[in-house]
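# Pasting the sequence and the predicted coordinates here, then a few questions.
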Amino acid sequence: MALEWVVLGYAAAAEAIMVILLTMPGLDGLRKGLVAVTRNLLKPFLSIVPLCLFLLMDIYWKYETMPSCDGDSCTPSEHLRHQKSMMKSQRNALLIAAALVFYWILYSVTHLVVKIEQLNQRIERLKSKD
């Protein structure tokens, strides 16, 4: 099950890097190629959404089937294992949220950059007509 979390972590990191490169000022020459690459990667990165939903259901299932450790009913080692499991679940839920938010931001920024390029081309055509 750890491979899914590694893939999700790498995908979220790649999304974050692309968002940073798209929004960084001064990369106008690189931006055109980066927009093309990002637009081609948006559809494959859409597979992150069902993966996140699957992993979220996995976290929920583990939480629901986890034995409770209240009071004196468990040993200190069981209590520590229970706490570690809860921390891992919270960390993984945060990773899921980050991957989904980065995908949404990447989609929005790419759409805005393409729209700005189209408007700049339209302005240039109108200027050349006059």
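That came through, no problem. Computed from a predicted structure; not experimentally measured.

# all contacts plus neighbour counts: C-alpha atoms, from now on.
Fine.

# what ranges do the strands span in this protein?
Counting by DSSP state E, no segments of the chain form strands.

# Give me the residue at the spatial middle of it.
Ala99 (1.8 Å; Cα atoms, centre = their mean).

# list the contacts for that one?
Residues in contact with Ala99 (Cα atoms under 8 Å, 6 or more residues apart in numbering) are 8-9, 11-12, 15, 48.

# so where is the chain shaky, pLDDT-wise?
Scanning the chain for pLDDT under 70 picks out the ranges 1, 71.

# If you count residues, where's the longest helix of it?
Secondary structure of the chain per DSSP state H: the longest helix is helix 76-129.

# Let's see if you can find the most crowded of the contacts of Ala99.
Using other Cα atoms under 10 Å as the neighbour test, the contacts of Ala99 are led by Glu15, with 26 neighbours.

# Tell me how far it lies from Asp72.
46 Å (Cα to Cα, to the nearest Å).

# do the same with Trp104
Taken as Cα to Cα, the span from Trp104 to Asp72 is 45 Å.

# again, but for Thr23
54 Å.

# Equivalent analysis for Thr65, please.
20 Å.

# Over to Gln118?
66 Å.

# Of those two, which one has the most company?
Gln118 (12 against 8).

# give me every residue that touches the more buried one.
Here Gln118 is in contact with no residue (Cα under 8 Å, 6+ apart).

# do the same with Cys69
78-79, 82.

# Tell me the buried residues within the residues you listed.
79, 82 (16 or more other Cα atoms under 10 Å).
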